[in-house]
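J.: Give the three-dimensional model of this entry:
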Amino acid sequence: MTKYEHKIRAVPVDRRLFVVAFLCASLLQVSQGFSQDALPEPISTSASPLISGQPPAPRPTPITNPPAPLRMQPLNTLQNQPNANQAGQAQPAAGPFFTPQASASTAAASQRAFSPSMIGDGFAPAPFKVTFGKDIAGSQGGTMISVPGAGGTVGTSKIVENASPIPRDRVYFNYSDFNGVPLIENGVTVNRYTPGFEKTFFDGMSSIEVRTPFASTLSNNLYVFDSNNGGSTQFGDLTIYLKQLFYKSETFAASVGLGFELPTASNTHVFEFAGQPLFTVKNQAVHLLPFIGSVYSPNEKIFVQQFLQFDFDTNGNSVQTNNFTGGTTTVGRLTDMSYLYYSVGAGYWLYNNPGSDRFLTRIAPIVELHYNKSLTSTDLVSAPPQFIGAQGINQDLLNGTIGVTAMLKQNSSLTLGYVTPLSSIDHRQFNSEFRLMFNWFFGGSVNRFSRVQF
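T.: A predicted model of the protein is given here:
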């Protein structure tokens, strides 16, 4: 029996899962209706009606010399054809790394091929623990509580969340409803909103993406032994991703990139129940988020995508305690754990009619797996009678995602997803999650004469 077979548990039914399943079934029914549109019967050229009193029209003389065979035309010739039905009207990609070659049939197929953004999972690194007592083990009357780290009430924005390995021009909005996030002992509900944009440059080979998350979540002013601690709207850490496409063929593409999570969220302040300040964790850490991603599309219906990402805290967050003389004393720094994130997902276009004038042009169900593993242990800062942090706590998590993506016209997509932990309850990031994502694509980055399109 494998490691994860011991950890797999029965997942409780969540009404948000019913919403996703109902919408998936509805979209599937719509796609079946579209696929059953009747085509007009072909007109027979062999039959010609007889007009009373007139002999039938003479048949044309057969051509004795057959025409010369058709030859493949280069892209620049296809682009200059006056026929609007030819796919060669789209400009081919050109850059220092590749110049795609395509036939007319390949160009036509490229209009039907598209790999949507991955849905994603995850929330944030685990909260640290605070022990109040005479020793770190709490064996002499000590009490341990959970406290989110600086900026930890909104969560970390992984590259896999509503992103593709392919650079794209787009504006988007993500919504996530996290249930049971263990920011405090009893868990909280976090509603996170992430507007963002991505802009390509260098002939579509590179892009820069900016994410500005905020959330209705736990307050950054926490009171020990208070099970409520209230809620508030908190701005998260600004995240910037740089992406570079380094390989692309008709069916496969790969990119590398680097993300920067900047400390724009609020500090975390911890008070006694009576309001006396105990300590503050200042939000100062800059996280480096290198990643590599790829997409594979063997035909115009199937797409498989994956991301491998690391998360490194470069400088940590300083901890300041109240010295009870009206000032504060810096007692150390808490460094977030380093992480490895690996995600893989696959989808299939059940309905795919991008050339139509309908509002709904594509529908695809998607399944994803996400593995999150901490590479280092949590930090510890000793400020008796407080011990902030807890050594030896590691994360080894597996999450599953199901969802459906619908393409609206040729320049928008709407995605619904449901995420559930597949590992044991220990140290998990949430109990369940509902996701909604909308993308609006702009610019000339749609038809690039391959299945793994921009």
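
J.: Quick check: pLDDT value at residue 211.
T.: We have a pLDDT of 97 for residue 211.

J.: ok, it - contacts?
T.: Under the criterion of CB atoms under 8 Å, 6 or more residues apart in numbering, the contact list for residue 211 reads 157, 194-196, 238-241. From N, CA and C alone the C-beta is placed, and that goes for glycine too.

J.: could you flag which of these are buried?
T.: For those, a burial check counting by 16 or more other CB atoms under 10 Å picks out 157, 194, 196, 238-239, 241.

J.: Which pair in these has the greatest spatial separation?
T.: Looking at the buried ones among the contacts of residue 211 by CB to CB, the two members farthest from one another are 194 and 241, with 12.4 Å of separation.

J.: Low-confidence stretches in the protein?
T.: 1-113, 125-126, 132-145, 150, 225-230, 324-326, 390-393, 427, 444-454 (pLDDT under 70).

J.: Next SSE downstream of the host helix or strand of residue 253?
T.: Of the helices and strands defined by DSSP states H and E, residue 253 is found in strand 252-262. Elements were assigned by DSSP H and E; along the chain past strand 252-262, the next helix or strand is strand 268-271.

J.: Return the list of strands paired to that following strand, each annotated with direction.
T.: Sheet partners assigned to strand 268-271 using DSSP bridges are listed as strand 221-223 (parallel), strand 277-281 (antiparallel).

J.: just the strands in the stretch 301-450 of the chain please.
T.: Counting by DSSP state E, counting those that start in this stretch, the stretch 301-450 of the chain has strands at residues 302-313, 317-322, 328-334, 339-348, 351-352, 360-374, 380-383, 386-389, 396-408, 412-421, 432-441.

J.: number of nearby residues for residue 425?
T.: Residue 425: 11 surrounding residues under other CB atoms under 10 Å.

J.: Return the distance of it relative to residue 270.
T.: As for residue 425, its distance to residue 270 is 26 Å (criterion: CB to CB, to the nearest Å).

J.: likewise residue 412?
T.: Residue 412 sits 44 Å away from residue 270 when distances are taken as CB to CB.

J.: ok, those two, which is more surrounded?
T.: A count of neighbours by other CB under 10 Å puts residue 270 above the other of residue 412 and residue 270, at 21 against 16.

J.: my guess is the more buried one contacts residue 320, does it?
T.: No - if you go by CB atoms under 8 Å, residue 270 and residue 320 don't touch, sitting 10.7 Å apart.

J.: How many neighbouring residues does residue 345 have?
T.: Residue 345 is surrounded by 23 other residues when neighbours are defined as other CB under 10 Å.

J.: so who does it touch?
T.: Contacts for residue 345 (CB under 8 Å, 6+ apart) come out as 118-119, 304-306, 366-369, 401.

J.: any chance of the residues you listed in TSV, with neighbour count and distance to residue 285 too?
T.: Converted to TSV, the contacts of residue 345 look like this (neighbours: other CB atoms under 10 Å; distance: CB to CB, whole Å):
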residue	neighbour count	distance to residue 285
118	32	26
119	29	27
304	15	34
305	27	29
306	20	27
366	23	33
367	14	34
368	23	28
369	16	28
401	22	28
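
J.: Okay, and which of the contacts of residue 211 map to strands?
T.: The strands in this structure, assigned by DSSP state E, contain 194-196, 238-241 from those.

J.: Which of the three states applies to residue 124?
T.: At residue 124, secondary structure determined by DSSP: H, G, I helix; E, B strand; the rest coil is coil.

J.: Tell me which stretches of the stretch 151-300 of the chain form strands.
T.: Counting by DSSP E, counting those that start in this stretch, the segments of the stretch 151-300 of the chain that form strands are 170-181, 188-201, 206-211, 214-218, 221-223, 231-235, 238-248, 252-262, 268-271, 277-281, 287-296.

J.: Figure out which of the ones you listed is closest to residue 395.
T.: When these are compared by CB to CB, strand 170-181 sits nearest residue 395, at 13.8 Å.

J.: which helices and strands does that closest one pack with?
T.: In this structure, strand 170-181 packs against strand 188-201, strand 432-441, with contacts taken as 3 or more CB pairs under 8 Å, 6 or more residues apart in numbering; DSSP states H and E.

J.: Just want the angle from the longest one to strand 432-441.
T.: Spelled out, that is strand 188-201. The directions of strand 188-201 and strand 432-441 differ by 20 degrees, with axes from the mean of the first three to the mean of the last three CA atoms, to 10 degrees as the criterion.

J.: For strand 188-201, name the packing helices and strands.
T.: Strand 188-201 makes packing contacts with strand 170-181, strand 206-211, strand 214-218 when contacts are defined by 3+ CB pairs under 8 Å, 6+ apart.

J.: for the shortest one, same thing?
T.: The elements that strand 432-441 packs onto, with contact taken as 3+ CB pairs under 8 Å, 6+ apart, are helix 15-35, strand 170-181, strand 412-421.

J.: okay, the angle between it and strand 170-181?
T.: Interaxial angle, strand 432-441 versus strand 170-181 (the same axes, to 10 degrees): 170 degrees.

J.: Pull up the pairing partners for the strand holding residue 253, direction included.
T.: For strand 252-262, sheet partners with direction are given as strand 238-248 (antiparallel), strand 287-296 (antiparallel), following DSSP bridges.

J.: Can I get these in TSV including distance to residue 327?
T.: Putting these into TSV (distance: least, CB to CB, whole Å) gives the following:
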stretch	distance to residue 327
strand 238-248	31
strand 287-296	30
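
J.: Turn the helices and strands packed on strand 188-201 into CSV, including distance to residue 343.
T.: Formatted as CSV, these follow (distance: least, CB to CB, whole Å):
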stretch, distance to residue 343
strand 170-181, 15
strand 206-211, 17
strand 214-218, 22
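
J.: Between those, which one is closest to residue 254.
T.: Each of the helices and strands packed on strand 188-201 was scored for nearness to residue 254 using CB to CB, and the closest is strand 206-211 (13.7 Å).

J.: Please point out which parts of stretch 270-282 sit buried.
T.: So stretch 270-282, judged by 16+ other CB under 10 Å, has buried residues 270-271, 278-282.
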